[in-house]
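Trainee: this one's sequence-less:
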């Protein structure tokens, strides 16, 4: 209902005219920055409804967002992944804009991102973070975060394809087809990794656009913990690789076991050929066990690869069951 009212009241001829546009802002203790974020996106995207999901804030974030004109909702399970899962489930729209509530992303880039999504019939437009100069880049994007993003993005690119250069960006535009087919199983900041892999695995039409990344508002603090959250994201990548590429994972493990078994067993075989004896019986048993485990690993990989392919086909069918987002002409 809120989205229908906003669409009817939109006075400007924008590319998304006639479509329901929702801005989803996950927030945890962002009372300092959220009023400006809400105001900026209401100005940049006329006709959109701005939803702020308060994630157990203790500094008045919800009241500040409501006073700025946002629709405030609450998610009590702590973590960005929980918030995004709730928002994607609750909000019914044609186009979704996802952005952090810390005022580090440029709202002025949103119209171009939405317009490109519609013009090229894409399912996701990722906002790749760039800064105007090195000083502002250092202040907004800490070296540890920048290095970790490069490493983690590189890992995902090496396995799933190099179509996204800033995997951990919190600024994205989605089609309804993407949002309603996305399972959102993550609980924390690793949700960006899951979003990226979901798009890459289903071969969705996606693109990336540069968007200015700036320093946080004075008085606000980052919730991202470089090492602990980096480990969680790395663990998430490992789980996703195992789920989506089981044959490669188990084949690698099988090859390692086979090589180890040969390293242990070949000397035993050589000695048997020369003497007809097997004096190192424990080595022979160990080598046999390692080789058997390697073949078992290969077999498990092939079985799980069939299962993963079936899951992927079901996700693809669920994705195709949702109509594509197109610009309305009525």
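Mentor: Sure thing, it's come through. Nothing here was measured: the structure is a model prediction, and the numbers come from that model.

Trainee: helix or strand for the residue nearest to residue 279 when sequence neighbours are not counted, which one?
Mentor: Once flanking residues are discounted, residue 279 sits nearest to residue 271: 7.1 Å by C-beta to C-beta, 6 or more residues apart in numbering. Heads up, the C-betas are built off the backbone N, CA and C, glycines and all. Per DSSP states H and E, residue 271 falls inside helix 246-275.

Trainee: for that helix, which positions count as buried?
Mentor: Within helix 246-275, the residues that count as buried by 16 or more other C-beta atoms under 10 Å are 246-247, 249-251, 253-254, 257-258, 260-261, 264-265, 268, 271.

Trainee: just checking, next helix/strand downstream of it?
Mentor: helix 281-320.

Trainee: report the distance from that following helix to the chain centre.
Mentor: Helix 281-320 has its average C-alpha position 26 Å from the chain's average C-alpha position, going by C-alpha atoms, centre = their mean, to the nearest Å.

Trainee: who does that helix touch, helix- and strand-wise?
Mentor: helix 191-201, helix 226-244, helix 246-275 (3 or more C-beta pairs under 8 Å, 6 or more residues apart in numbering; DSSP states H and E).

Trainee: helix or strand with the lowest mean pLDDT in this protein?
Mentor: Ranking every helix and strand in the chain by mean pLDDT, DSSP states H and E puts helix 134-140 at the bottom, with a mean of 48.

Trainee: ok now the following helix or strand past that helix, how far from the chain's centre?
Mentor: Next helix or strand after helix 134-140 toward the C-terminus (DSSP H and E): helix 143-160. A distance of 13 Å separates the centroid of the chain from that of helix 143-160, by C-alpha atoms, centre = their mean.

Trainee: which positions within helix 143-160 qualify as buried?
Mentor: Residues of helix 143-160 classed as buried: 145, 148, 149, 152, 153, 155, 156, 157, 159, 160 (neighbour count, 16+ other C-beta under 10 Å).

Trainee: of the residues you listed, closest to residue 180?
Mentor: Nearest to residue 180 among the buried residues of helix 143-160 is residue 160, at 21.7 Å by C-beta to C-beta.

Trainee: let me see the contact set for the closest one.
Mentor: 196, 197, 200, 201, 244 (C-beta atoms under 8 Å, 6 or more residues apart in numbering).

Trainee: and the first one, what's its pLDDT?
Mentor: The predicted local confidence for residue 196 comes out at a pLDDT of 95.

Trainee: ok, now residue 282?
Mentor: 89.

Trainee: what is the neighbour count of it?
Mentor: Residue 282 has 9 neighbours, counted by other C-beta atoms under 10 Å.

Trainee: oh, and call the first residue 200 from now on, that's how I've got it
Mentor: Understood, numbering begins at 200; the last thing we discussed is residue 481.

Trainee: quick one: it and residue 399, what's the gap?
Mentor: According to C-beta to C-beta, to the nearest Å, residue 481 stands 46 Å off from residue 399.

Trainee: please name the bridge partners of residue 304.
Mentor: Residue 304 has these beta-bridge partners by DSSP bridges: residue 412.

Trainee: okay, now it: neighbour count?
Mentor: The local packing of residue 304 (other C-beta under 10 Å) involves 23 other residues.

Trainee: one step back: would you agree the residue nearest to residue 478 is in contact with residue 483?
Mentor: No: when contacts are counted by C-beta atoms under 8 Å, residue 470 is not listed as touching residue 483 (9.8 Å).

Trainee: and for the two, which residues touch both?
Mentor: residue 477.

Trainee: the nearest residue to residue 225 once chain neighbours are set aside and residue 473, how far apart?
Mentor: Once flanking residues are discounted, residue 225 sits nearest to residue 282: 4.0 Å by C-beta to C-beta, 6+ apart. Using C-beta to C-beta, residue 282 is found at 68 Å from residue 473.
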